[in-house]
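Novice: can't give you the sequence, but here's the structure:
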């Protein structure tokens, strides 16, 4: 099936550096296919890694899977990738094992991804390690269409019997507007995947599987295979999901091909399989070096800024990171209501790494560009998820603009002060970073994301540049706070919150926007404190 799997923190996508390490570890002359579930952070990190790998001469293709049937009208984020992704893994993996070229393997993956649909239900929400249990569901509730990260689903309904539940799930799968054409003909050959979302007992799962088979047959579908088990779990979630795959005859041998993956269902004949045995222990692959990425700036950075300027940058960076550490529980609380509950933890990872680098004096503060490069490199290593990817591209883009401004100004002023760029330069770099978030994240103003804090902050910073750094920073912070507050009444159009019904979002602000406003406010306070 898969040659490598790249794990991030719980419910967060892995950083691009980890994905790139995996690509380089397994990619041979034939190339590499990345199968990515459709979540913003995954698309961002895997996409960045794919581009980096291609720049290094490797053949890489990316297939994004989004087969969720929970949302009638998908937003900018599109449909989520769910358990149907496992079928993509299996059949594309079989094609690769048979020696198909990369383009053909990618074509198989796309055909499978476009031919399946998934819908699920749960009696309880998953519990993040170290967090309190989610109490969104009562004892007699069942939630339909919730995500594999615990984000709210399409509806909460009264508890129903297995037959009634299977009927409801199957009807949704067969009649979902984006894929109903796949199942409209009587006798359509399908694969049924009954997925344990984590804590459903084998007996209960088997009961649901039996009812799902009956429901599919009532819709005149011809089931050629039923797969039942824990294929894509969500920690301790008590629930199931059903996946229907409309399969063509030429694809059936790929599903039937033997697989050595331990969790893939094996029949009694599997003992005669020619699949290669699993090798253990698995060879660890080291991640690329972290802060070495700032080395390209070091040749021009030694001693270029005054001690007071470096101290000011250090104080601002430390203050911003410290406030994210302090706010992590609140951000998690907000995110548990509108997303998957880990926004604070994701930012906490990056903030801790920044503080560690500052304390260890491995953080390059010699110039503004070096400072921004350092933040980007640390974030790239320490933060997964959408936040990690977006902050990476933001600080990388800002560092590039700042580097250019430093080069333009080098030699025009006295030695030791030539790189102490003012508010206008910081404003230009900040604007470039925000623009990169828009470009790569796919969101815009009004989508209920951190951009709703960053965009007004960028505008205010540039408008107030002539008033000096203290006033400009205060203006930017105030604009960001206003933008974050405004997200309470916005409909989510991007990110995981876009899968959450508007009535569930309620008056909770976007946690990413709140975080951005908070660190901008801390920087403003730090500048005002030290003048």
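Specialist: Now that the structure is in, tell me what you want to look at. Treat the numbers as computed from the prediction; the structure is a model and nothing was measured.

Novice: ok, residues contacting stretch 325-333?
Specialist: For stretch 325-333, the surrounding residues in contact (CB atoms under 8 Å, 6 or more residues apart in numbering) are 131, 341-345, 347-348, 351-352, 355, 511, 514-515, 518. C-beta here means a position set from N, CA and C on the backbone, and glycine is covered the same way.

Novice: who's in contact with residue 187?
Specialist: Residue 187 sits next to 220-222 when contact means CB under 8 Å, 6+ apart.

Novice: ok so residue 124 is a helix residue?
Specialist: No. Residue 124: not assigned to a helix; according to DSSP: H, G, I helix; E, B strand; the rest coil it is coil.

Novice: Return the distance of the closest residue to it other than its chain neighbours relative to residue 120.
Specialist: Leaving aside its chain neighbours, residue 124 sits nearest to residue 238 (4.4 Å; criterion: CB to CB, 6 or more residues apart in numbering). Distance from residue 238 to residue 120, counting by CB to CB, to the nearest Å: 11 Å.

Novice: same thing with residue 373?
Specialist: 43 Å.

Novice: Low-confidence regions, the stretch 101-250 of the chain specifically.
Specialist: Residues of the stretch 101-250 of the chain meeting the criterion pLDDT under 70: none.

Novice: now the chain
Specialist: Residue ranges of the chain with pLDDT under 70: 55, 74-77, 267-304, 409-420, 495-501, 503-504, 531.

Novice: buried set for the longest helix that it contains?
Specialist: Scanning the chain for the longest helix, with DSSP state H as the assignment, gives helix 307-338. Neighbour counts over helix 307-338 (16 or more other CB atoms under 10 Å) mark 309-310, 312-313, 315-324, 327-328, 331-338 as buried.

Novice: what's the offset of it from the middle of its chain?
Specialist: 21 Å (CA atoms, centre = their mean, to the nearest Å).

Novice: just stretch 393-404 next, same as before
Specialist: Using CA atoms, centre = their mean, the offset of stretch 393-404 from its chain centre is 22 Å.

Novice: Buried ones in it, by neighbour count?
Specialist: Result for stretch 393-404 [16+ other CB under 10 Å]: buried residues 393-403.

Novice: can you count the residues close to residue 235?
Specialist: By the criterion of other CB atoms under 10 Å, residue 235 has 17 neighbours.

Novice: next one: residue 143
Specialist: Counted with other CB under 10 Å, the neighbours of residue 143 add up to 22.

Novice: Is it in contact with residue 152, as I believe?
Specialist: Yes. At 7.4 Å, residue 143 counts as touching residue 152 under the criterion of CB atoms under 8 Å.

Novice: Common neighbours of these two, please.
Specialist: In contact with both residue 143 and residue 152: residue 136, using CB under 8 Å, 6+ apart.

Novice: which residue packs closest to residue 376, ignoring adjacent ones?
Specialist: Nearest non-adjacent residue to residue 376, counting by CB to CB, 6+ apart: residue 395, 3.8 Å away.

Novice: Who are the packing partners of the helix or strand where that neighbour lies?
Specialist: If you go by DSSP states H and E, residue 395 is part of helix 385-409. Other elements packing on helix 385-409 under the criterion 3 or more CB pairs under 8 Å, 6 or more residues apart in numbering; DSSP states H and E are helix 40-55, helix 343-360, helix 368-382, helix 423-441.

Novice: after the longest one comes which helix or strand?
Specialist: Following the chain from helix 423-441 toward its C-terminal end, the next helix or strand by DSSP H and E is helix 451-463.

Novice: Could you check that following helix and say which residues are buried?
Specialist: 451-462.

Novice: Same question for stretch 34-52.
Specialist: Neighbour-count burial for stretch 34-52 flags 34-50, 52 (criterion: 16+ other CB under 10 Å).

Novice: how far away is residue 38 from residue 218?
Specialist: When residue 38 is compared with residue 218 (using CB to CB), they lie 30 Å apart.

Novice: ah, wrong one, I meant residue 140
Specialist: 27 Å.

Novice: more neighbours, those two?
Specialist: Between residue 140 and residue 218, counting by other CB under 10 Å, residue 218 is the more crowded of the two (12 against 8).
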